[in-house]
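K.L.:
dropping a prediction and its sequence here:
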Amino acid sequence: MAKIKVINTEVTVVVINNTDYISITDIAKHKTDDTSATIGNWMRNRNTLEFLGLWETLYNSNFKPLEFEGFKKEAGLNAFTMSPQKWINATDAIGFVSKSGRYGGTFTHKDIAFKFASWISVEFELYIVKEFQRLKEEEQKHIGWSAHRELTKINYRIHKDAIKHNLIPRTLTALQISIVYANEADVLNMALFGIIAKQWRELNPDLKGNIRDYASINELICLSNLENLNALFINENLSQKERLVKLNQIAIQQMSILKAVENKKLK
């Protein structure tokens, strides 16, 4: 669940079956406190019903067209009423989802939500589309960061294996082994960040996780490369001091290249 702010109105976005649904209950709050009545008035409109029927026909193989035709014939009559639950139950619609509880309300597929927003206000529609696109861009950035973070974790296993087979005598205790692993992790931290894990924690006592959880995508890319290179240097029996110097020089070079590429993309 995520929140976007549209003209001082908070609108909830949820993912259902890998599809984005937006709260039209929240959208309706931009116009009135009686959100159910507002949504019902919009849904009883003939143009709205035709749009909803066409959308379901395009995307829902289980949609019931006969029930839809019956509603369309009644649209415009004074006694005709419509609600999200009535629409869902009668037609097996998938464009609407009704949720109860603390974070409940009526959610619709983004196509339908944008249509409702335009009925509420043309200005509101423009802003909600803009904010929704911004949300999706932020999500894509986070996905990219997560992918690189996972890559560094995978490469760390390679790095750990090199340590195990080249730096840890079989007679060491489990505690001694963990100290060696931690020391080698700090070789990479010092080469890239200029600081070891303990120093970072002392400087950031209120932050959860570790220094790598707050790294940029470029830093994670570089860290992934450094882990592979350190594993190679360990296998070549280079001392820790030699490896640190080499890794630091490589980190400076790679971060400079990545920064230059990033700046070029922004131009």
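P.N.:
On my side now, so go ahead.

K.L.:
so where's the stretch 151-267 of the chain uncertain?
P.N.:
Counting by pLDDT under 70, the stretch 151-267 of the chain has low-confidence residues at 151-182, 261-267.

K.L.:
what about the strands in it?
P.N.:
For the stretch 151-267 of the chain, no strands are identified by DSSP state E, counting those that start in this stretch.

K.L.:
now do the helices in it.
P.N.:
Counting by DSSP state H, counting those that start in this stretch, one finds helices in the stretch 151-267 of the chain at the ranges 174-193, 197-203, 217-235, 240-266.

K.L.:
quick check: which of those is buried the most?
P.N.:
Scoring the helices of the stretch 151-267 of the chain by mean neighbour count under mean count of other C-beta atoms under 10 Å gives helix 217-235 as the most buried, with a mean of 20. In short, each C-beta sits where N, CA and C put it, glycine included.

K.L.:
how about a markdown table for the helices of the stretch 151-267 of the chain, with distance to Ser36 added?
P.N.:
Listed next are the helices of the stretch 151-267 of the chain as a markdown table, based on distance: least, C-beta to C-beta, whole Å:
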| stretch | distance to Ser36 |
| --- | --- |
| helix 174-193 | 54 |
| helix 197-203 | 51 |
| helix 217-235 | 44 |
| helix 240-266 | 46 |
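
K.L.:
what pairs with the helix or strand containing Ile22, parallel or antiparallel?
P.N.:
Remark: Ile22 resides in strand 19-23, with elements defined by DSSP states H and E. The pairing partners recorded for strand 19-23 under DSSP bridges are strand 9-16 (antiparallel), strand 105-109 (antiparallel).

K.L.:
can you give me the buried ones in that strand?
P.N.:
Applying a neighbour-count criterion of 16 or more other C-beta atoms under 10 Å, the buried positions in strand 19-23 are 20-23.

K.L.:
ok, and what's touching it?
P.N.:
By C-beta atoms under 8 Å, 6 or more residues apart in numbering, the residues outside strand 19-23 that reach it are 11-15, 97, 105-110, 113, 128, 132.

K.L.:
Leu223: which of those is nearest?
P.N.:
Nearest to Leu223 among the contacts of strand 19-23, counting by C-beta to C-beta, is Val15 at 29.8 Å.

K.L.:
is the closest one in a bridge, and if so with what?
P.N.:
Judged by DSSP bridges, the bridge partners of Val15 are Asp20.

K.L.:
before we move on, back to that, so for Asp92, which of the helices of the stretch 151-267 of the chain sits nearest?
P.N.:
helix 217-235 (43.0 Å).

K.L.:
that closest one versus helix 240-266: what angle between them?
P.N.:
Interaxial angle of helix 217-235 relative to helix 240-266 (axes from the mean of the first three to the mean of the last three C-alpha atoms, to 10 degrees): 150 degrees.

K.L.:
who does helix 217-235 touch, helix- and strand-wise?
P.N.:
helix 122-166, helix 174-193, helix 240-266 (3 or more C-beta pairs under 8 Å, 6 or more residues apart in numbering; DSSP states H and E).

K.L.:
rerun at 6 Å
P.N.:
helix 122-166, helix 240-266 (3 or more C-beta pairs under 6 Å, 6 or more residues apart in numbering; DSSP states H and E).

K.L.:
wait, doesn't Arg44 sit right on Ser83?
P.N.:
No. Using C-beta atoms under 6 Å, Arg44 is not in contact with Ser83, being 9.0 Å away.

K.L.:
quick revisit: and Glu67, which of the strands paired with strand 19-23 is closest to it?
P.N.:
strand 105-109 (18.4 Å).

K.L.:
immediately after the closest one, which helix or strand?
P.N.:
helix 110-120.

K.L.:
please point out which parts of that following helix sit buried.
P.N.:
So for helix 110-120, counting by 16+ other C-beta under 10 Å, buried means 110, 112-117, 119-120.
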